[in-house]
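turn this into a model:
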Amino acid sequence: MHLTPSYNGDAQGMSGKILVVDDDMVSRAAVCQMLREEGFVVTEAVDGTTALEQFSKDPPDLVLLDVIMPEPNGFEVCQRLKDDPETRLTPVVLLTGLESTGDRVQGIEAGADEFLSKPVESVELMARVRSLLNLKRFTDDLERAENVILALASAIEARDPLTEGHCQRLSDYSSRLAERIGLGPEDVDACRIGGVVHDVGKIIIPDAVLMKPAKLTEDEWVIMKQHTTRGEEICKGLKSFKNVLPIIRHHHEKRDGSGYPDGLSGDDVPMNARVLQVVDVFDALRAERPYKKGFSVEKTFSILREEVEKGWWDPDITEQFMAMIEEETAA
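Numbers count the residues shown, from 1 in each chain. Got it, this is the predicted structure:
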């Protein structure tokens, strides 16, 4: 369940829910009054623990957070909100009387979106609040668009009951593998999303082709291979999918150049796509189908190694993935 709140309002008649957190009753009351006079819905919290509890129960559109409070202080509350994927897009403004560069750096490192010096001036407060709520509107629109794509991918998977759970397993495997081999947070997140949406282009593939139990004809295979490029076309408007698009387009490439759609070879195959390739093949081999039983882990590893020898998959990534599965099986 996503805790990202919905935003109501536009750039002119702007409204929204704002959580004000300050253990100083006088300062808190002054800020709350300014906001309520401008038509915002305001909730209050007197310390960090209460703020986190209220956020969880009724997520706001923006948080105004005093820095100097009983534990956890404002820096720690901000850090927790920004570390959580479900709350990190909510803007956080730190209210502080601290002026040192070190305090500002600590706030930036905690993920704060803005700073306001206490005592807060009404004009500056409203300008910052409106600016951040306007940004929040766009991020909410982006999240809704992403959710539509994810829902579409789930609907495609549901067309074939035999693939139930496949995308979620790939999402889990590939994100953990990406983290294991040292990819950065953006690529780990791309692998997580890519596991779900990599086959979104199959929405254009007729059921007669997609679920055909027999071998595809040459013409049917041409149709099937279009799902990579069509999937990229569906998702290319989402800037947040920048690192996901190579997965969608290239997850059927092979290191020897015999894959599709572009016949890429070697390290020209994008790293994120190489990660998904390995877990996709593993999951497919392990799955039971009407025409075959699921292979054991040992047999699946043997096939993967044979395909690495053929020049299909990245050998280092494949070995890392097999080591990951072995470690989890032994645990």
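
run a quick check on Met34 versus Leu125, I expect a contact.
Yes: under the criterion of CB atoms under 8 Å, Met34 makes contact with Leu125 at 5.9 Å. Every C-beta, even on glycine, is put in place using the N, C-alpha and C of the backbone.

spatially, what comes nearest to Ile203 if we skip its sequence neighbours?
Ile156 (5.6 Å; CB to CB, 6 or more residues apart in numbering).

residues touching the one you found, list them.
Residues near Ile156 by CB atoms under 8 Å, 6 or more residues apart in numbering: 199-200, 202-203.

could you redo the last one with a cut-off of 10 Å?
163, 167, 197, 199-205, 210, 227, 231 (CB atoms under 10 Å, 6 or more residues apart in numbering).

could you save those residues as CSV and add columns showing distance to Leu133 and secondary structure?
Listed next are the contacts of Ile156 as CSV, based on distance: CB to CB, whole Å; DSSP: H, G, I helix; E, B strand; the rest coil:
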residue, distance to Leu133, secondary structure
Thr163, 41, helix
Cys167, 34, helix
Val197, 29, helix
Asp199, 37, coil
Val200, 31, helix
Gly201, 36, helix
Lys202, 38, helix
Ile203, 35, helix
Ile204, 38, helix
Ile205, 42, coil
Leu210, 44, helix
His227, 39, helix
Gly231, 34, helix
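
give me the buried subset of these.
Those of these that meet the buried threshold are 163, 167, 197, 199-203, 205, 210, 227, 231, by 16 or more other CB atoms under 10 Å.

need the residues you listed in CSV with distance to Gly257 and pLDDT, can you?
Shown next, in CSV, are the buried ones among the contacts of Ile156 (distance: CB to CB, whole Å; pLDDT from 0 to 100):
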residue, distance to Gly257, pLDDT
Thr163, 28, 66
Cys167, 27, 88
Val197, 25, 92
Asp199, 22, 91
Val200, 25, 90
Gly201, 22, 91
Lys202, 24, 90
Ile203, 28, 87
Ile205, 24, 88
Leu210, 26, 85
His227, 20, 95
Gly231, 21, 92
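
before we move on, which element is the most centrally placed residue in the chain in?
Per CA atoms, centre = their mean, the C-alpha nearest to the average position across the chain is that of Asp189, at 5.0 Å. Here Asp189 sits within helix 185-197, counting by DSSP states H and E.

brilliant, that's me finished.
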